[in-house]
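Asks: Sequence and predicted structure are below.
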Amino acid sequence: MSSKKTTARKKSHSKNRKTQKLVKKDKKKCENTKCKEWLKDAAKIDANMIKEEEKRYNELIQTEKKVCSSNSNKSDECEEIKRNIKYSKKELNSLKNQKKRQKYVLLKCKEGLCNIGCKGTIVEDGNPTLLPTSLSKTYKKSKAAIDFLKKTRKEIFGKKTSVLHDDFYEGLDPNYVKKLKKEGAISGCFLR
């Protein structure tokens, strides 16, 4: 009788390994299709944002030359313009840091669209009053963020322990879910 149990365990273990391989394969496929598409879209958006910020920066420089060149009593106005120039330059440098931005976009794509079970997100299955461990660790230094996430999670879940249907948040528009699946997504771990 014990040999039957051993055989059944081996078959079950073998099935789990096959399932895990399929999951990894699906995740890689999602990352190689949907996430690459997201990166391309993000690059286009970034290029437009950089263009707009450069335009704003140049306008501020011109305004500074006009307003601050005369020795009139416009020191407050000049200080404000200089603060805006400094902020604009900082924003521009941030936008131009492509590696950091791409890494962030890729992480969000994997987390939202290539994440079976929505692990580590606000819609991960479980007790609605408790945050998933990874979210708690991520925001452990910000009590306000944790309180906000807990409140949001309670509102999303109500009395349920799962809000996922086939790894997609049940509140997403069904047509949008179909579109995501068609484009290669294997999950929808976001609220909109």
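Replies: Received it, and whenever you're ready, just let me know what you need.
Asks: average pLDDT for stretch 149-156?
Replies: When pLDDT is averaged over stretch 149-156, the result is 94.
Asks: tell me the mean pLDDT over the top helix by length along the chain?
Replies: Longest helix of the chain, by residue count under DSSP state H: helix 36-69. For helix 36-69, mean pLDDT is 88.
Asks: Could you list the buried residues of the helix or strand just after that helix?
Replies: Using DSSP states H and E, the helix or strand that follows helix 36-69 in sequence is helix 75-96. By neighbour count on 16 or more other C-beta atoms under 10 Å, the buried set for helix 75-96 is Cys78, Ile81, Asn84, Ile85, Ser88, Leu95. All C-beta spots, glycine's among them, are computed from the backbone N, C-alpha and C.
Asks: do the same with stretch 107-126
Replies: Per 16+ other C-beta under 10 Å, stretch 107-126 contains these buried residues: Cys109, Lys110, Glu111, Gly112, Leu113, Cys114, Asn115, Cys118, Thr121, Ile122, Val123, Glu124.
Asks: what's the first-to-last distance across that stretch?
Replies: Start to finish, the residues bounding stretch 107-126 are 23 Å apart (C-alpha to C-alpha, to the nearest Å).
Asks: contact partners of stretch 58-77?
Replies: Residues outside stretch 58-77 that contact it (C-beta atoms under 8 Å, 6 or more residues apart in numbering): Cys78, Ile81, Lys82, Asn84, Ile85, Ser88.
Asks: To clarify, my last question referred to stretch 80-96.
Replies: Contacts of stretch 80-96 (C-beta under 8 Å, 6+ apart): 46, 49-50, 53-54, 56-57, 60-61, 63-64, 67-68, 101.
Asks: Just the buried ones from those residues, in ChimeraX syntax?
Replies: Here is the ChimeraX command that selects the buried residues among those (16+ other C-beta under 10 Å):
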select :46,53,56,57,60,64,68,101
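Asks: any idea which of the contacts of stretch 80-96 is closest to Lys178?
Replies: Nearest to Lys178 among the contacts of stretch 80-96 is Asp46, at 28.5 Å by C-beta to C-beta.
Asks: Next, find the distance separating the closest one from Gly117.
Replies: 31 Å (C-beta to C-beta, to the nearest Å).
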